[in-house]
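*Asks:* below: sequence and its predicted model.
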Amino acid sequence: VSVSAKAVYSKYSIEPASPINFGAMIKGTKKTQTVMLENKGMLKFRFHILQEPKDASALQSKSSKEGEPEMKRSVGRISSSSTQSQLSLGMFTVSPCSGSIAPWGQQKITVECLAGQEGTCEEQLYIDIMGR
């Protein structure tokens, strides 16, 4: 009896990696940009897009001090059971914010900015790839 297996892990790409800059906008106007999340591996994976946790800077400092790799800007180590279709953060709306992608498939993620109050608005998001 011949038995074989191949161990693999999730492979993915995010384009553009970071940052997404909407530039100067007139108050009350709306702009949309897209991010492409692509599964480049042999396994289906699930993803969740989450807001930066309030203690993320503390986690980054702690990781740096302990010799562990720092959390990346666009990919975090946070899991969530959220199944909402969109995430609203200040002037930004992201959709979809969760889903699954088949091997060699891709998901277009829309980031919409509605220029509200005057001034600069900046948010930090994490894309969590489950089982990476």
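*Replies:* Cool, the structure landed.

*Asks:* return the helix or strand in this protein with minimum mean pLDDT.
*Replies:* The helix or strand of the chain with the poorest confidence is helix 56-65; it has a mean of 46 (mean pLDDT, DSSP states H and E).

*Asks:* following that helix, which helix or strand shows up next?
*Replies:* Following helix 56-65 in sequence order, the next helix or strand is strand 87-89 (DSSP states H and E).

*Asks:* export the helix or strand following that next one to CSV, keeping only CA atoms.
*Replies:* Going down the chain from strand 87-89, the next helix or strand is strand 92-95, by DSSP H and E. Extracted in CSV, the C-alpha atoms of strand 92-95 (Å, rounded to 0.1, in the frame of the first residue of the first chain):
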residue,chain,number,x,y,z
PHE,A,92,-14.0,54.8,5.1
THR,A,93,-16.2,51.8,4.2
VAL,A,94,-14.6,48.5,3.3
SER,A,95,-16.5,45.6,1.6
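
*Asks:* okay, buried residues for the very next helix or strand once past strand 92-95 please.
*Replies:* Scanning forward in sequence from strand 92-95 by DSSP H and E, the next helix or strand is strand 98-101. Across strand 98-101, burial judged by 16 or more other CB atoms under 10 Å covers Ser98, Ile101. Using the backbone N, CA and C atoms, a C-beta is placed for each residue, glycine as well.

*Asks:* strand partners of strand 98-101, parallel vs antiparallel please.
*Replies:* strand 45-51 (antiparallel) (DSSP bridges).

*Asks:* show me the contact partners of the partner strand.
*Replies:* Contacts of strand 45-51 with the rest of the structure, by CB atoms under 8 Å, 6 or more residues apart in numbering, involve 10, 12, 37, 39, 76, 78-80, 82, 87, 89, 94, 97-101, 107, 109, 123-132.
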